[in-house]
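Undergrad: sequence and predicted model, in that order:
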Amino acid sequence: MEVSIMGQSSLYTFTGNPFVDAGIWAICEWSGKKKPEKIDLKDLSELSRDVVHIYLTSEWAKSLYSVFPNNAVTNPSVKNKDQKLLESLEQLIGQIELLDGGGESGNCIACGRHDVQEIRTKTEIPLIGSGTLINFFPYGQPGADYCPSCTLAVQFSPLVFYACGKLLLLHSNSEKVMHYWAEKAIKDIQKQISANSYRGCFDEGYKNPVNALFHIIEDIILQYEERWVEENPSISMYHFTNYNQGPDLDIYRVPTPVFRFLAFVKQSEQFSEWMKIVRRGYFNWDKIKEGDEYKNKGNSVYINLLKGHSIVKYFLDNKARQVYGDWQLLEYYLTEVRNMSAKRLDTLKKVGDSISDYIKDTQNIKRLNQLEMASNFATFRNLLQYFANFHLLINEAVRYLYMG
Ligand SMILES: [Zn+2]
């Protein structure tokens with residue numbers, strides 16, 4: 001555990017709680033501190049003053065209805081909103097100052113390091129219920145046990161949310177992913193400030209959360225040079241609203257092999273081919289005319305990747321007899337994402353090679369389904385039967401080898 005120069009334990013370390021960690025990232029990026037352990041009280045005071053200005057602009061206030069219902073910004077009966085909001089943030093900072101410096105264990109359910117001073121409600125912490133939903137909490141208490149420093153961090157979390165119909169919150173164990181993500185969101189807000197034109201949470205026009213998630217990940221991989229294939233992050237995305245009349249939450253998890261595959265796509269110089277494959281996942285792509293319309297159309301390539309279903313059929317257009325990407329791309333997908341063993345892949349390739357040779361030798365470019373029926377192909381038939389489940393796959397592999 002890092003210790004500050006004051007001899008006290010640090011105010012923040014990452015907690016694993018997505019809302020608290022989002023807030024910690026917002027503080028880090030805003031203050032230019034590289035690590036949460038470096039955050040000090042001065043950073044918190046400065047950011048508090050800055051967010052009062054930002055949150056009270058009408059566009060941000062609109063976003064905040066679905067984050068902090070009934071707080072100083074969103075409760076219409078509160079007068080002097082700027083003063084009230086600053087007071088509530090400063091009160092939390094005051095409570096942080098009182099935290100026991102030596103404490104490395106406390107009863108906060110987010111960090112487990114600091115003690116709780118007051119029970120928190122959904123006005124301060126999204127999605128915890130409270131009020132009439134008291135059954136959610138032990139002993140029927142009217143809120144949740146968050147310490148002041150975690151509660152304060154959550155107040156800053158909207159700075160790194162993403163507008164997507166509801167709001168989107170990204171959470172990853174990869175500090176690289178989170179750093180680049182938070183940096184992008186904060187830069188967007190800083191642009192809003194310097195242009196004096198406020199738009200609310202970072203918004204790139206997406207309403208479809210799955211498309212947004214892949215856009216965010218692909219953007220990070222493409223824009224920043226890192227050894228992403230080796231990063232192996234787990235990434236979760238929370239698509240939520242804490243709106244008073246109907247709080248709601250959908251959680252999406254990106255399988256680590258899918259992230260690795262996307263990173264590989266970038267390295268393999270197959271990116272434009274990959275984009276063609278992705279495009280085939282949009283329902284009625286041909287009818288998408290407007291430049292940004294695709295952002296909100298469901299995409300079955302992305303959906304299948306998240307669900308762990310195969311996307312092999314999108315590598316091949318049967319009708320047009322066209323393949324997308326090279327064998328290496330398909331091979332990587334089959335090995336990394338579909339977990340196909342090297343042995344099985346090798347057999348698959350051998351079958352494909354042999355059939356391909358046969359076609360070349362006989363100059364017979366008939367459909368492969370017919371080929372399977374050929375009686376002098378007993379050996380291959382046995383193999384194909386052995387791989388019955390991979391029947392489609394074999395066809396596709398063969399076409400790759402033959403056409404590529
Ligand atoms: Zn805490």
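TA: Structure received. Because the structure is a prediction, the values reported are computed rather than measured.
Undergrad: and this structure, what are its domains?
TA: With automatic domain parsing as the criterion, the domains of the chain are listed as 18-254, 340-404.
Undergrad: put together a markdown table for those, with mean neighbour count, mean pLDDT and distance to Leu329 on each row.
TA: C-beta here means a position set from N, CA and C on the backbone, and glycine is covered the same way. Putting the domains of the chain into a markdown table (neighbours: other Cβ atoms under 10 Å; pLDDT from 0 to 100; distance: least, Cβ to Cβ, whole Å) gives the following:
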| stretch | mean neighbour count | mean pLDDT | distance to Leu329 |
| --- | --- | --- | --- |
| domain 18-254 | 18 | 91 | 14 |
| domain 340-404 | 14 | 58 | 10 |
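Undergrad: can you report how many residues lie near His309?
TA: 11 (other Cβ atoms under 10 Å).
Undergrad: what sits against it?
TA: Ile303 (Cβ atoms under 8 Å, 6 or more residues apart in numbering).
Undergrad: out of the domains of the chain, nearest to the ion?
TA: domain 18-254 (3.1 Å; Cβ to the ion).
Undergrad: next one: the closest one to chain centre, how far?
TA: Centre-to-centre, domain 18-254 and its host chain are 15 Å apart (Cα atoms, centre = their mean, to the nearest Å).
Undergrad: okay, and the nearest residue to Trp274 once chain neighbours are set aside sits in which element?
TA: Spatially, and ignoring its direct neighbours in sequence, Trp274 is nearest to Val265 (4.6 Å; Cβ to Cβ, 6 or more residues apart in numbering). Assigned by DSSP states H and E, Val265 belongs to helix 256-267.
Undergrad: other SSEs contacting the next helix-or-strand element following that helix?
TA: Counting by DSSP H and E, the next helix or strand C-terminal to helix 256-267 is helix 271-281. Counting contacts by 3 or more Cβ pairs under 8 Å, 6 or more residues apart in numbering; DSSP states H and E, helix 271-281 packs against helix 300-307.
Undergrad: restrict the helix it packs on to CA atoms and write it as PDB.
TA: The C-alpha trace of helix 300-307 is given here as PDB (Å, rounded to 0.1, in the frame of the first residue of the first chain):
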ATOM      1  CA  SER A 300     -24.900  -9.500 -35.600                       C
ATOM      2  CA  VAL A 301     -21.100  -9.800 -35.900                       C
ATOM      3  CA  TYR A 302     -20.700  -7.700 -32.700                       C
ATOM      4  CA  ILE A 303     -23.600  -9.400 -31.000                       C
ATOM      5  CA  ASN A 304     -22.300 -12.900 -31.700                       C
ATOM      6  CA  LEU A 305     -18.800 -11.900 -30.500                       C
ATOM      7  CA  LEU A 306     -20.200 -10.800 -27.200                       C
ATOM      8  CA  LYS A 307     -22.400 -13.900 -26.900                       C
END
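Undergrad: and it with helix 271-281, angle?
TA: Relative orientation of helix 300-307 versus helix 271-281 (axes from the mean of the first three to the mean of the last three Cα atoms, to 10 degrees): 90 degrees.
Undergrad: and helix 300-307 with helix 256-267, angle?
TA: Using the same axes, to 10 degrees, helix 300-307 lies at 140 degrees relative to helix 256-267.
Undergrad: so which bits of helix 300-307 are buried?
TA: 300-302, 304-306 (16 or more other Cβ atoms under 10 Å).
Undergrad: pLDDT on that helix, on average?
TA: The pLDDT scores in helix 300-307 average 96.
Undergrad: tell me what the helix or strand following that helix is packed against?
TA: Remark: after helix 300-307, the chain's next helix or strand is strand 316-317, criterion DSSP H and E. Counting contacts by 3+ Cβ pairs under 8 Å, 6+ apart, strand 316-317 is packed against strand 322-323.
Undergrad: tell me which other helices or strands the strand it packs on touches.
TA: Strand 322-323 packs on strand 316-317, helix 391-403, going by 3+ Cβ pairs under 8 Å, 6+ apart.
Undergrad: off-centre distance for that strand?
TA: Distance, centroid of strand 322-323 to centroid of chain: 31 Å (Cα atoms, centre = their mean).
Undergrad: quick check: mean pLDDT across that strand?
TA: Averaging pLDDT along strand 322-323 yields 76.
Undergrad: Trp257 and Met340 touch, don't they?
TA: Residue 257: Pro, not Trp. No - contact criterion Cβ atoms under 8 Å: Pro257 and Met340 do not qualify, at 11.6 Å.
Undergrad: mind listing what's buried in the helix holding Val265?
TA: For helix 256-267, by 16+ other Cβ under 10 Å, it's 256-265.
Undergrad: can you list the residues of the stretch 101-250 of the chain near the ion?
TA: 108, 110-111, 114, 147, 150 (Cβ under 5 Å from the ion).
Undergrad: dump those to a markdown table, plus secondary structure.
TA: A markdown table is the format used below for these (DSSP: H, G, I helix; E, B strand; the rest coil):
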| residue | secondary structure |
| --- | --- |
| Cys108 | coil |
| Ala110 | coil |
| Cys111 | coil |
| His114 | coil |
| Cys147 | coil |
| Cys150 | helix |
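Undergrad: cheers, nothing more for now.
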